[in-house]
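Got a predicted model here, sequence first, then my questions.
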Amino acid sequence: MSSRPKTLRRRCTWRHCSHPATATVAFTLPNLLAGSRRDYCHEHTRQVRLTKGTTVVARFGRRPPSQPALAAAAPSATATRQTSHPWRKGVMP
């Protein structure tokens, strides 16, 4: 029998929010919280991201499952984008 320490779950720092935090947001000027970082739940992260001077610097917690349809479509879109521009920076043949 092993005793595992309890995982600390970060809570959203929004006032009176009891949801677990899913992201850390850093604030820069012109935001009044410039120079600080706060942890927010998914909903509050979405609200804070819309303001000027905010950057999501870390995401943690449970992630939604990936969708196979989107994963399958992504490589073909990338390949099409790369082949549509035959020129590249550097030496030309």
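In hand now; what should we look at?

make it CA atoms for all contacts and neighbour counts henceforth
Noted.

average pLDDT across the strand or helix carrying residue 58?
Residue 58 belongs to strand 54-59 when assigned by DSSP states H and E. Averaging pLDDT along strand 54-59 gives 92.

helices and strands around that strand, which ones?
Counting contacts by 3 or more Cα pairs under 8 Å, 6 or more residues apart in numbering; DSSP states H and E, strand 54-59 is packed against strand 23-27, helix 42-49.

at 10 Å what do you get?
Packed against strand 54-59 by the contact rule (3 or more Cα pairs under 10 Å, 6 or more residues apart in numbering; DSSP states H and E) you find strand 23-27, strand 37-40, helix 42-49.

Put together CSV for those, with distance to residue 58 on each row.
As requested, these are exported to CSV (distance: least, Cα to Cα, whole Å):
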stretch, distance to residue 58
strand 23-27, 5
strand 37-40, 9
helix 42-49, 11
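
now these as JSON lines including mean neighbour count, distance to residue 13 and mean pLDDT?
Compiled in JSON lines, these are given as follows (neighbours: other Cα atoms under 10 Å; distance: least, Cα to Cα, whole Å; pLDDT from 0 to 100):
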{"stretch": "strand 23-27", "mean neighbour count": "20", "distance to residue 13": "10", "mean pLDDT": "95"}
{"stretch": "strand 37-40", "mean neighbour count": "20", "distance to residue 13": "6", "mean pLDDT": "95"}
{"stretch": "helix 42-49", "mean neighbour count": "15", "distance to residue 13": "9", "mean pLDDT": "93"}
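
and residue 56, which of these is closest to it?
strand 23-27 (4.4 Å; Cα to Cα).

okay, now residue 54: neighbour count?
When neighbours are defined as other Cα atoms under 10 Å, residue 54 has 20 of them.

Who does it form a beta bridge with?
Judged by DSSP bridges, the bridge partners of residue 54 are residue 27.
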